[in-house]
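Colleague: no FASTA, just this:
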Ligand SMILES: C[S@@+](CC[C@H](N)C(=O)[O-])C[C@H]1O[C@@H](n2cnc3c(N)ncnc32)[C@H](O)[C@@H]1O
């Protein structure tokens, strides 16, 4: 078992309620903009958890690679993928020290997770024209831990050089609490021409 503190925390949670979490629906944002996902591309689901979003994308027939620090979450994801008869690649991966091959990924999903160290890695990994789908919580009061919450406007600002397809600060229902919680949503396209800038994607 991985001894990373985040892995221990999330492995414990998923052992308790992972099956319950898998009954949740894929993100509304993802469902609403699923038509933008590349049919022939590779989609990376960063901090995929038990895989509600990765499985939704896999069921569209799209190649998904699901990354997470929690092997328990990824194991549940794989079991569900088998039940559904879809393929998803998984890897235990620490997004606090990310490294991806350059210009290889057609879309990245980052839902309900914040690791600012991953921002430059997402920029690098996306191929020009690739899409970032991002939704996570915005900090509301002084009790919130800043490293887990976006500041208002922060997400839009961080990717302001991308082509912004959708950028909204709104509220969504929390999975466990059922309460409405403020989030920032962003769908943004990496600038550039993929025909001129392709990476060595053999190690993806
Ligand atoms: C709130 S869950 C979100 C899961 C999924 N994206 C969703 O929306 O259902 C946060 C996820 O981040 C993962 N996580 C926490 N720290 C991580 C890290 N350092 N690297 C990769 N994943 C991490 C956890 O294991 C957990 O699955």
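Modeller: Sure, I can see it. Everything numeric here is computed off the predicted structure, so don't read it as measured data.

Colleague: pLDDT below threshold where in this protein?
Modeller: Scanning the chain for pLDDT under 70 picks out 1-2, 142, 194-199, 203.

Colleague: find the closest residue to the ligand in it.
Modeller: residue 49 (2.8 Å; Cβ to the nearest ligand atom). In this view, the C-beta of every residue, glycine as well, is placed from N, C-alpha and C.

Colleague: got the contact list for stretch 100-108?
Modeller: 36-38, 41-46, 121-122, 124-128, 130-133, 194, 197-204 (Cβ atoms under 8 Å, 6 or more residues apart in numbering).

Colleague: can you pull the buried residues of that stretch?
Modeller: For stretch 100-108, the buried set under the neighbour-count rule, 16 or more other Cβ atoms under 10 Å, comprises 100, 103, 104, 105, 106, 107, 108.

Colleague: and stretch 58-78, by the same measure?
Modeller: So for stretch 58-78, counting by 16+ other Cβ under 10 Å, buried means 58, 62-74, 76-78.

Colleague: also stretch 109-124?
Modeller: For stretch 109-124, by 16+ other Cβ under 10 Å, it's 109-115, 118-119, 121-124.

Colleague: among those, which ones lie close to the ligand?
Modeller: Of the residues in these, proximity to the ligand by Cβ under 6 Å from any ligand atom holds for 111, 112, 113, 115.

Colleague: take those residues and write them to TSV, including secondary structure.
Modeller: Output for those, formatted as TSV (DSSP: H, G, I helix; E, B strand; the rest coil):
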residue	secondary structure
111	strand
112	coil
113	coil
115	coil
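
Colleague: now a ChimeraX select for only the buried ones of the contacts of stretch 100-108.
Modeller: To isolate the buried members of the contacts of stretch 100-108 in ChimeraX, using 16+ other Cβ under 10 Å:
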select :37,38,41,42,43,44,45,46,121,122,124,125,126,127,130,131,132,133,199
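
Colleague: inside helices: which ones of the contacts of stretch 100-108?
Modeller: Of these, the ones assigned to helices by DSSP state H are 121, 122, 124, 125.

Colleague: which non-adjacent residue is nearest the second one?
Modeller: Which is residue 122. residue 108 (5.2 Å; Cβ to Cβ, 6 or more residues apart in numbering).

Colleague: doesn't that neighbour lie inside a strand?
Modeller: Yes: assignment of residue 108 by three-state DSSP places it within a strand.

Colleague: beta partners of it?
Modeller: Bridge pairing for residue 108 (DSSP bridges) gives the partners residue 44, residue 132.

Colleague: max-length helix in this protein?
Modeller: As assigned by DSSP H, the longest helix anywhere in the chain is helix 5-21.

Colleague: hmm, that helix in reach of the ligand?
Modeller: Yes: using Cβ under 6 Å from any ligand atom, helix 5-21 reaches the ligand at 6, 10.

Colleague: quick one on the thing from earlier: could you say which helix or strand contains the residue nearest to the residue of the chain closest to the ligand when sequence neighbours are not counted?
Modeller: Distance criterion Cβ to Cβ, 6+ apart; nearest residue to residue 49, sequence neighbours excluded, is residue 73 at 4.8 Å. Using DSSP states H and E, residue 73 falls within helix 71-84.
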